[in-house]
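Asks: model this:
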Amino acid sequence: MRLTAAQIDTIKSTAQAVLGQGVQVTLFGSRVDDAQKGGDVDLMVEVPQPLKEPALIAARIASLVSRGLQGRKVDVLLRAPNLMEQPIHRIAAQQGIAL
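Replies: Numbers count the residues shown, from 1 in each chain. Okay, here's the model as predicted:
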């Protein structure tokens with residue numbers, strides 16, 4: 001996994017600040033592979049409660065995490081009971097690393 005402990009703390013604390021306790025963050029995509037270089041930070045953020053305005057929440061988390069990671073590009077995928085499950089959710093869950 002190509003993230004430092006400080007970057008992981010930034011990601012987790014940001015997700016908790018936006019969505020509260022009980023949030024689970026999973027890193028997936030190219031940052032999981034130590035052999036690769038560069039790439040954006042792909043995150044799946046899971047919550048046990050339904051979400052209102054998921055696009056706004058995803059954008060807020062992405063912008064705050066990006067700021068905390070000195071402008072690195074961040075993509076956020078949300079998973080909640082009221083959101084439709086897509087194939088990318090299964091890929092992230094199977095290939096990702098829980099932070």
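
Asks: can you tell me the element residue 42 falls in?
Replies: strand 41-46 (DSSP states H and E).

Asks: off-centre distance for that strand?
Replies: 2 Å (Cα atoms, centre = their mean, to the nearest Å).

Asks: which is the next helix or strand following it?
Replies: helix 54-68.

Asks: relative orientation of that following helix and strand 41-46 in degrees?
Replies: 140 degrees (axes from the mean of the first three to the mean of the last three Cα atoms, to 10 degrees).

Asks: give me the packing partners of helix 54-68, helices and strands only.
Replies: Counting contacts by 3 or more Cβ pairs under 8 Å, 6 or more residues apart in numbering; DSSP states H and E, helix 54-68 packs against helix 5-19, strand 41-46, strand 74-79. The C-beta positions use only the backbone N, C-alpha and C, and glycine is treated the same way.

Asks: looking at those, which is closest to residue 99?
Replies: Closest approach to residue 99 among these (Cβ to Cβ): helix 5-19, 5.2 Å.

Asks: what is the mean pLDDT for that closest one?
Replies: Per-residue pLDDT over helix 5-19 has a mean of 96.

Asks: now do the strand holding residue 42: everything it contacts.
Replies: 3, 11, 15, 19, 23-31, 58, 61, 65, 69, 72-80, 89, 92-93, 96 (Cβ atoms under 8 Å, 6 or more residues apart in numbering).

Asks: pLDDT of that strand, averaged?
Replies: The model assigns strand 41-46 a mean pLDDT of 97.

Asks: dihedrals phi and psi, residue 90?
Replies: When read as degrees, to the nearest 10, the backbone of residue 90 gives phi -70, psi -40.
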